[in-house]
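>>> missing the sequence, but the structure's below:
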């Protein structure tokens, strides 16, 4: 005869382990860093050229780029392994409004930010939120909008890196 307490205990341990494994996956994949085939300066110029190409679809820069590395320099703070950081804020106000109308708290993650960084190895990378993975936590219009953002970001990155 099956021991009910043992079964329940095993199910709880199994579910907890699965939950922790899923949490670890989200933590390590929620933000991604993509190596650029271009230098830091070329990557920044490509972003500044490509994003306006999507203006007819509602995309743009709602704020000026931010030289985040200079903030550290001005405070004599060392960021290990990083030579430079430029942050770009990228937004589609129409999509953002749809998401905010569904859940006002979502404005806390807007606009999308992309950080271009140059590491000590001389390579440039774009660090950004993994919108596709994040979309899996939502349903309805928010999920639809996030998937649309992901699709557009993939095309933006393809053009930036080409």
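That came in fine, so what should we check first? Just so you know, these numbers come straight off a predicted model, no measurement behind them.
>>> what's the nearest residue to the most centrally placed residue in the chain if we skip its chain neighbours?
Residue closest to the mean C-alpha point of the chain, counted by Cα atoms, centre = their mean, is residue 129 at 1.1 Å. Nearest non-adjacent residue to residue 129, counting by Cβ to Cβ, 6 or more residues apart in numbering: residue 31, 5.9 Å away. In short, each C-beta sits where N, CA and C put it, glycine included.
>>> Now do the same contact list for the one you found.
By Cβ atoms under 8 Å, 6 or more residues apart in numbering, the contact set of residue 31 is 127, 128, 129, 130.
>>> so which helix or strand takes in the spatially closest residue to the last one that is not a sequence neighbour?
Read that as residue 130. Leaving aside its sequence neighbours, residue 130 sits nearest to residue 32 (Cβ to Cβ, 6+ apart; 4.9 Å). In this assignment (DSSP states H and E), residue 32 forms part of strand 31-35.
>>> And that strand, how far out from the chain middle?
Offset of strand 31-35 from its chain centre (Cα atoms, centre = their mean, to the nearest Å): 8 Å.
>>> tell me the mean pLDDT for it?
When pLDDT is averaged over strand 31-35, the result is 95.
>>> Could you pull out the buried residues of that strand?
Buried residues in strand 31-35, defined by neighbour count with 16 or more other Cβ atoms under 10 Å: none.
>>> could you give the angle of the very next helix or strand once past it to strand 31-35?
Proceeding N to C from strand 31-35, the next assigned helix or strand is helix 40-50, under DSSP H and E. Counting by axes from the mean of the first three to the mean of the last three Cα atoms, to 10 degrees, helix 40-50 lies at 110 degrees to strand 31-35.
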